[in-house]
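Participant: curious how this folds, go ahead:
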Amino acid sequence: GKSCRVFERSPTRRTVVSSTHNLVTQKIDVEVLYIREGVVHRLTAPTRYVHLGEMDLMARLAGLRLAERYGNWKEEPLGDSGGTAISVYRKAA
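Facilitator: Residues are numbered from 1 along each chain as shown. Next up is the predicted model:
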């Protein structure tokens with residue numbers, strides 16, 4: 001899907017963020033437009049995400065094993081909501 005949002009709006013400043021999400025390729029392409037005093041600055045951020053099973057398989061194929069997994073950088077447990085996961089891998093014995 002596609003989305004576009006204005007995050008900042010003033011007489012001299014605008015920040016517009018648009019994104020395109022492709023479920024098949026697991027890619028999210030983000031474009032941010034910063035408009036300041038009539039000058040446009042453009043930032044693009046192509047991102048590919050992976051599911052935990054895919055990440056674990058890639059790690060295993062690289063000779064690593066899952067050591068720990070957290071729901072955030074505070075090392076809290078991983079919830080059921082999806083989103084962020086912090087995975088720690090170590091060399092397999």
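Participant: how far away is Thr44 from Ile35?
Facilitator: Per C-beta to C-beta, to the nearest Å, Thr44 is found 16 Å from Ile35. The way it works is simple: take the backbone N, C-alpha and C, and place the C-beta from them, glycine included.
Participant: more neighbours: which of those two?
Facilitator: Ile35 (16 against 8; other C-beta atoms under 10 Å).
Participant: and the pLDDT at the spatially closest residue to the more buried one that is not a sequence neighbour?
Facilitator: Leaving aside its sequence neighbours, Ile35 sits nearest to Arg14 (C-beta to C-beta, 6 or more residues apart in numbering; 4.1 Å). Here the pLDDT value assigned to Arg14 is 90.
Participant: secondary structure element holding Arg14?
Facilitator: strand 13-22 (DSSP states H and E).
Participant: in that strand, what's buried?
Facilitator: Using 16 or more other C-beta atoms under 10 Å as the test for burial, strand 13-22 gives Thr15, Val16, Val17, Ser19.
Participant: pLDDT weak spots in this protein?
Facilitator: 81-82 (pLDDT under 70).
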